[in-house]
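In: take this sequence and fold it.
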Amino acid sequence: MELRAQDKPHPAPVLPPPEWPRIGLSVVLAMLVHALIATALCGDYPLDIDVANLLAGSVHFAPLHHSPHPPGYLVYVLLLRCVTFFLGPTIQAAQVLAIACTVAGAPVLAWFVLRMRPDEPRLALLAPWLWLLAPVALFHSADAQMHGAEATTILLLLIAVLRAAEQPTTLRAVAVGACLALGIALRPSLVVIGGPLVLAVLFRQWRVLLVVALTVLVGTLAWLVPTAWACGGLAPLLDAQRLLTLSFSAASRSIFSSRASADLVRGNMLELAVTLVSLWLPVLAFAALTRPRQPLPQPLARAVLAGSVPAVLFYLALFCDEPGYLAGLLPLTIAWALLGAQPRSKVVLAALVAVALQIGLFCAPDLPGLVPKMPSARYLWRADIKAGVIVDSLHLPPPGTARVLVVSDLQTEVSLRMLTAVRHDVAALMRVPTTKRNDHAWGLATFDDWLPLPGPVLLQTGPAATIHTDREFDVLIVDAQVTPPTRRQIIAQLRCPLPPEVQAAGNLQLPIAVCLPQRQLTVGKHTLDFNPRR
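Out: Below you'll find the predicted structure:
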């Protein structure tokens with residue numbers, strides 16, 4: 001393949017000795033600042049249900065029980081299991097892994113920018129700051145989700161595919177396929193960004209693309225086969241994935257769904273818009289101040305365009321549940337801004353303006369009731385306060401004094417699922433929305449599992465069933481906000497007298513041995529049996 005002059009790789013950078021230490025120091029300082037900010041914003045509770053599910057999966061991998069939810073995210077669960085080996089299955093373990101996966105991209109980005117622009121080493125000095133102070137990066141390091149790992153993987157994929165375009169070899173094609181397979185293993189939807197990116201850069205290089213495809217196939221099977229085995233087969237896993245993504249999430253939020261809620265669709269589109277502003281506004285300011293007059297090398301320009309446009313259209317059409325769904329665009333936006341800068345332009349001033357915009361956007365007020373999730377410090381603070389209020393309202397016994405079962409059909413499943421990740425002695429029997437409009441199913445969440453009633457897959461209803469738990473409980477707590485029909489049904493089963501005013505309202509905290517001596521509890525049409533198995 002003959003490359004045009006502007007597409008040829010830059011020569012290896014020749015720098016004075018002090019340049020390397022300066023770049024290394026900049027990377028280390030940016031990593032420390034990011035870690036300090038993210039740690040300061042980390043809460044005492046998981047701020048998203050996916051974090052609790054990932055922690056449960058690190059103990060008991062069961063995607064059909066949403067531990068974690070389908071498709072299981074096996075590679076990330078294994079990484080989390082390595083961290084929990086030292087820190088235990090705690091929220092702190094998830095936070096440490098999220099921060100580590102994000103900051104890991106900083107030295108890679110600095111090296112990449114230096115390689116592409118050896119004529120302007122200041123860009124490599126500034127790159128880690130634009131990466132690690134981006135609102136999406138800070139937000140998902142603090143809320144302990146996997147999106148920082150996605151962004152770092154897209155960065156690796158971008159580097160691998162550009163090197164394969166420079167000099168197509170089998171080894172470089174395997175590297176591209178390995179990076180794409182890793183991204184898909186972390187989160188299969190990453191193919192929405194990574195797939196078009198690879199095809200656009202390696203267009204018409206059929207032998208290279210064939211090697212990439214075979215590598216991706218092998219890498220995908222490496223995580224899909226054990227995941228399917230854990231689910232009892234591929235069909236149950238695919239069915240559970242369909243229920244979650246198409247019949248539930250997309251059905252309620254997609255602009256093409258007849259079942260979609262207007263409020264959810266509007267919130268989805270606003271969240272997408274806010275995330276795009278946080279990603280693009282700082283780099284657009286940087287680009288304007290550095291006056292890029294020469295076009296980007298063609299492979300890089302195609303990569304940025306092909307990775308960005310399909311992702312935006314995809315999440316606009318289906319659903320964008322949180323800012324991290326677009327985290328993979330972070331390395332593409334930074335590459336577009338930095339590598340297109342004019343030599344000897346005011347890159348330091350431009351970077352200061354861009355970072356100031358990033359910090360301003362991250363510190364901006366959130367919009368509760370309008371935008372579901374904003375990549376902002378205010379949202380993180382408010383979500384942690386809300387979680388604390390919900391936990392405090394339950395008046396839980398001190399840790400270790402009793403095994404607690406909380407029942408609620410009004411508090412969101414998110415709050416109670418997160419509670420079980422923090423208090424391993426607490427289980428939550430809660431009602432969850434299903435794939436049918438105005439319908440709900442019950443599920444029992446423990447810190448290491450989420451058992452559906454009647455099962456075997458959450459988010460679907462079924463005939464009346466009895467489920468036997470693998471643990472006993474000492475205390476039953478009925479949430480004060482439980483709906484009246486459920487409250488009356490539970491009270492009717494109690495064998496201990498309650499004053500009329502207690503029956504009518506308030507939080508109920510009851511000794512199970514006295515009030516439920518049969519150690520069974522019926523909610524709706526399902527029965528939970530927590531007698532010890534002999």
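
In: mind listing what's buried in stretch 179-195?
Out: By 16 or more other C-beta atoms under 10 Å, the buried positions in stretch 179-195 come out as 179-195. C-beta coordinates here come from the backbone N, C-alpha and C atoms, glycine included.

In: what's the average pLDDT for stretch 82-93?
Out: With pLDDT averaged residue by residue, stretch 82-93 scores 95.

In: contacts made by the helix or strand encompassing residue 113 with the rest, please.
Out: Using DSSP states H and E, residue 113 falls within helix 105-116. Identification of contacts with helix 105-116 by C-beta atoms under 8 Å, 6 or more residues apart in numbering yields 10, 12-13, 23, 26-27, 30-31, 34, 121, 123-125, 127-128, 131-132, 148, 151-152, 155-156, 158-159, 300, 331, 334-335, 338-339.

In: helices or strands next to the helix or strand following that helix in the packing?
Out: Per DSSP H and E, helix 105-116 leads on to helix 122-132 as the next helix or strand towards the C-terminus. Under the contact definition 3 or more C-beta pairs under 8 Å, 6 or more residues apart in numbering; DSSP states H and E, helix 122-132 sits against helix 19-41, helix 105-116, helix 262-290, helix 330-339, helix 347-362.

In: re earlier: among the contacts of helix 105-116, name the buried ones.
Out: With burial judged by 16+ other C-beta under 10 Å, the buried subset of those is 13, 23, 26-27, 30-31, 34, 121, 123-125, 127-128, 131-132, 148, 151-152, 155-156, 158-159, 300, 331, 334-335, 338-339.

In: where exactly do the strands run in the stretch 401-534 of the chain?
Out: With strands called from DSSP state E, counting those that start in this stretch, the stretch 401-534 of the chain shows them at 404-408, 426-433, 440-446, 449-453, 466-468, 475-478, 508-511, 520-523, 526-529.

In: tabulate the ones you listed (CSV), appending mean pLDDT and distance to residue 306.
Out: Shown next, in CSV, are the strands of the stretch 401-534 of the chain (pLDDT from 0 to 100; distance: least, C-beta to C-beta, whole Å):
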stretch, mean pLDDT, distance to residue 306
strand 404-408, 95, 46
strand 426-433, 90, 36
strand 440-446, 88, 40
strand 449-453, 89, 38
strand 466-468, 86, 48
strand 475-478, 95, 52
strand 508-511, 93, 57
strand 520-523, 94, 50
strand 526-529, 91, 49
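
In: which one of the ones you listed lies closest to residue 291?
Out: Of all those, strand 426-433 sits nearest to residue 291, with 51.4 Å by C-beta to C-beta.

In: what strands flank the closest one, and is each parallel or antiparallel?
Out: Using DSSP bridges, the strands paired with strand 426-433 in its sheet are strand 404-408 (parallel), strand 440-446 (antiparallel).

In: what's the angle from the last one to strand 449-453?
Out: Angle between the axes of strand 440-446 and strand 449-453 is 150 degrees (criterion: axes from the mean of the first three to the mean of the last three C-alpha atoms, to 10 degrees).

In: for the first one, same thing?
Out: Regarding strand 404-408 and strand 449-453, their directions subtend 50 degrees when assessed with the same axes, to 10 degrees.

In: what's the most buried one of the helices and strands packed on helix 122-132?
Out: helix 330-339 (a mean of 26; mean count of other C-beta atoms under 10 Å).

In: where in this structure is pLDDT low?
Out: Scanning the chain for pLDDT under 70 picks out the ranges 1-18, 292-294, 438, 533-534.

In: and if we set it to 50?
Out: 1-9, 534 (pLDDT under 50).

In: how is it carved up into domains?
Out: 5-10+18-232+246-362, 395-529 (automatic domain parsing).

In: how long is the last one end to end?
Out: Looking at domain 395-529, the gap from its leading to its trailing residue is 24 Å under the measure C-alpha to C-alpha, to the nearest Å.

In: give the contact list for residue 309.
Out: Counted by C-beta under 8 Å, 6+ apart, residue 309 has contacts residue 196.

In: which element is it on?
Out: helix 298-317.

In: buried residues in that helix?
Out: 299-308, 310-312, 314-316.

In: next one: stretch 500-514
Out: The neighbour-count check on stretch 500-514 (16+ other C-beta under 10 Å) flags 508-510, 512 as buried.
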